[in-house]
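K.L.:
this one's sequence-less:
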């Protein structure tokens, strides 16, 4: 049976950020922590060893696979900062066109530094993702 790898943990978010080697990435992680906390109203929690997540939702796919995930989150990785938004949200692309310098995958948006992006658009992406996921996966 499939075992979900990325689960909420009791690890300390501040200790995780303090362990980020690059001082600029660490500073950006604190900025993102403030932006995500203020925008979502959720307390930051560690998910797995390296994702800082906000809120959570329970998903069930058509295949029967199910699990829990943060509504939104980020990870200050060595190469780039990963931002986690809702996969499948059609409004995301329109917002990303105004976001600033980034690349994106299915659920992740990658940035080099916070100064490369529009903070107001980041807040809209966070809000839209939370709304989309709460509508798509309403609490039972």
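P.N.:
Received, thanks. Model, not experiment: these values are computed from the prediction. Numbers count the residues shown, from 1 in each chain.
K.L.:
strand partners of the worst-scoring helix or strand of the chain on mean pLDDT, parallel vs antiparallel please.
P.N.:
Counting by mean pLDDT, DSSP states H and E, the chain has its least confident helix or strand at strand 57-60, which shows a mean of 87. Sheet partners assigned to strand 57-60 using DSSP bridges are listed as strand 66-69 (antiparallel).
K.L.:
which residues are contacting the partner strand?
P.N.:
4, 6, 7, 8, 47, 53, 56, 57, 58, 59, 60 (Cβ atoms under 8 Å, 6 or more residues apart in numbering). No exception for glycine: its C-beta is placed from N, CA and C like everyone else's.
K.L.:
State the pLDDT value of the nearest residue to the last one once chain neighbours are set aside.
P.N.:
Yep, that's residue 60 we're talking about. Once flanking residues are discounted, residue 60 sits nearest to residue 66: 4.2 Å by Cβ to Cβ, 6 or more residues apart in numbering. You'll see residue 66 listed with a pLDDT of 85.
K.L.:
neighbours of residue 66, just the number please.
P.N.:
Neighbourhood size, residue 66 [other Cβ atoms under 10 Å]: 12.
K.L.:
gap between it and residue 106?
P.N.:
Distance of residue 66 to residue 106, given as Cβ to Cβ, to the nearest Å: 18 Å.
K.L.:
show me the residues around the residue positioned nearest the centre of the chain that make contact.
P.N.:
Closest to where the C-alpha atoms of the chain average out (Cα atoms, centre = their mean) is residue 73, at 1.9 Å. For residue 73, the contacting residues are 36, 47, 51, 52, 53, 54, 83, 84, by Cβ under 8 Å, 6+ apart.
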